[in-house]
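K.L.:
no sequence on this one, just coordinates:
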Ligand SMILES: C[S@@+](CC[C@H](N)C(=O)[O-])C[C@H]1O[C@@H](n2cnc3c(N)ncnc32)[C@H](O)[C@@H]1O
């Protein structure tokens, strides 16, 4: 990895002073959701406060807690949890770290913010995006939010290391436990209308209520603020093949190939707690962003730019996939099976970058 540039100036205030009092930075804290946000994305029938502790969405915690995921992310991506970016036509996926930094740079460019901007990084994981954009964008404050305490613990260690080595200023990047479905009432300390940019890389796949998440982002942004995120979408049009009664895809309208892709996709998304992506058809996020009030909504298909890494993961998955299929151990080898299935269904889904702006007035 290229060395970080030295800090330009010392921090003049702490994060708590600048964003308001947040929860204690102890990753074992639980977060309290508002009464109308429960883990199923529906209104709580009792209106009682629920604890959205890191165990609230079991599939997500199962996925990030399992040994296969922990080893794979650590060994293959040094803890980052997003795809790398390659110029179109690249075959060789190495070096992986350069590709990861290039994807982080794509996010920075997409945000297109002036130095001095304040940025929220939702679903920050181990903090790779937050740290990159803070230093390369010369942002005085990037606040990462995540529901998985173990990721935040690692993010804090990485941030401290960066500060010690002079790559970041004290307080330039901080992370907190929190749920992006409930940014303001769950004790995160985040205030409305104070953020120039919001990013969310490969995390809205896990949203249980994408509409609610978008409206939280909208409320967090200043007028004119930018929202930029990367995620998956399935290549079935949002408005063509939905049942009016339940919003589900009408499978009778699909081609045999589309039905096959949908079957594989649903298994991957349901098993890994990715309800957001399960319901992200072509055009869904654009529609929901506009409904939330955003303008200048754009989507760019980056599938060919992440293909060398997807192909490399598919190669690595071949043996464990065969083993899992033979002994019916698909769930135990979830990462391998999902990487295999995704690559085999290439073209039936896409990896995209969405961007949108909150109107200036
Ligand atoms: C695939 S990882 C991406 C991490 C990071 N953005 C990166 O690119 O390295 C998705 C992250 O989203 C977090 N997450 C899932 N649902 C969330 C929610 N409702 N609120 C905040 N974070 C969430 C998970 O804990 C996980 O760390």
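P.N.:
Here it is on my side, so go on. Computed from a prediction, not measured in an experiment: that's the story for all the values here. Numbering: from 1, shown residues only.
K.L.:
Output the contacting helices and strands for the longest helix belonging to the chain.
P.N.:
Using DSSP state H, we find that the single longest helix of the chain is helix 303-326. When contacts are defined as 3 or more Cβ pairs under 8 Å, 6 or more residues apart in numbering; DSSP states H and E, helix 303-326 packs onto helix 96-111, helix 334-344, strand 349-357. Just so you know, the C-beta spots here come from the backbone N, C-alpha and C atoms, and that holds for glycine as well.
K.L.:
Nearest to residue 314, out of the ones you listed?
P.N.:
For the helices and strands packed on helix 303-326, distance to residue 314 was read as Cβ to Cβ. The smallest value, 3.6 Å, belongs to helix 334-344.
K.L.:
rewinding a little: JSON lines for the helices and strands packed on helix 303-326, including mean pLDDT?
P.N.:
Below are the helices and strands packed on helix 303-326 laid out as JSON lines (pLDDT from 0 to 100):
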{"stretch": "helix 96-111", "mean pLDDT": "98"}
{"stretch": "helix 334-344", "mean pLDDT": "96"}
{"stretch": "strand 349-357", "mean pLDDT": "98"}
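K.L.:
rewinding a little: any idea how far the longest helix of the chain is from the chain center?
P.N.:
Averaging C-alpha positions (Cα atoms, centre = their mean, to the nearest Å) puts helix 303-326 21 Å from its chain's average.
K.L.:
tell me the mean pLDDT for it?
P.N.:
When pLDDT is averaged along helix 303-326, the result is 98.
K.L.:
Count the neighbours of residue 106 for me.
P.N.:
Number of residues near residue 106 (other Cβ atoms under 10 Å) recorded here: 18.
K.L.:
which residues does the closest residue to it other than its chain neighbours contact?
P.N.:
Excluding the flanking residues, the one nearest residue 106 by Cβ to Cβ, 6 or more residues apart in numbering is residue 85, at 5.3 Å. Taking Cβ atoms under 8 Å, 6 or more residues apart in numbering, we find residue 85 in contact with 99, 102, 103, 105, 106, 302, 305, 306.
K.L.:
State whether residue 85 is indeed within a strand.
P.N.:
No - the assignment for residue 85 is coil, going by DSSP: H, G, I helix; E, B strand; the rest coil, so no strand is present there.
K.L.:
Could you give the backbone dihedrals for it?
P.N.:
Main-chain torsions, residue 85, degrees, to the nearest 10: phi -120, psi 130.
K.L.:
The most centrally placed residue in the chain: what's it in contact with?
P.N.:
What sits nearest the mean C-alpha location of the chain, by Cα atoms, centre = their mean, is residue 203, with 2.2 Å. By Cβ under 8 Å, 6+ apart, the contact set of residue 203 is 122, 123, 125, 180, 229, 231.
K.L.:
In terms of pLDDT, where does it sit?
P.N.:
If you check residue 203, the pLDDT there is 97.
K.L.:
any idea how far it lies from residue 230?
P.N.:
Residue 203 sits 9 Å away from residue 230, going by Cβ to Cβ, to the nearest Å.
K.L.:
repeat for residue 120
P.N.:
Noted for residue 120: a distance of 15 Å to residue 230, by Cβ to Cβ.
K.L.:
for residue 252, same thing?
P.N.:
Distance from residue 252 to residue 230, by Cβ to Cβ: 32 Å.
K.L.:
ok, now residue 75?
P.N.:
Counting by Cβ to Cβ, the gap from residue 75 to residue 230 is 22 Å.
K.L.:
More neighbours: which of these two?
P.N.:
Set side by side, residue 75 and residue 230 show more neighbours around residue 230, with 26 against 9, by other Cβ under 10 Å.
K.L.:
Surely the more buried one is in a strand?
P.N.:
Yes - counting by three-state DSSP, residue 230 is found in a strand.
K.L.:
Contact partners for it?
P.N.:
By Cβ under 8 Å, 6+ apart, the contact set of residue 230 is 82, 83, 103, 106, 107, 201, 202, 302, 351, 352, 353, 354.
K.L.:
Let's have those residues in CSV, adding distance to residue 345.
P.N.:
CSV is the format used below for the contacts of residue 230 (distance: Cβ to Cβ, whole Å):
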residue, distance to residue 345
82, 20
83, 16
103, 22
106, 24
107, 26
201, 22
202, 18
302, 17
351, 12
352, 16
353, 20
354, 21
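K.L.:
okay if I get the contacts of residue 85 as a markdown table plus distance to the ligand?
P.N.:
Below are those laid out as a markdown table (distance: Cβ to the nearest ligand atom, whole Å):
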| residue | distance to the ligand |
| --- | --- |
| 99 | 13 |
| 102 | 13 |
| 103 | 8 |
| 105 | 13 |
| 106 | 12 |
| 302 | 13 |
| 305 | 15 |
| 306 | 12 |
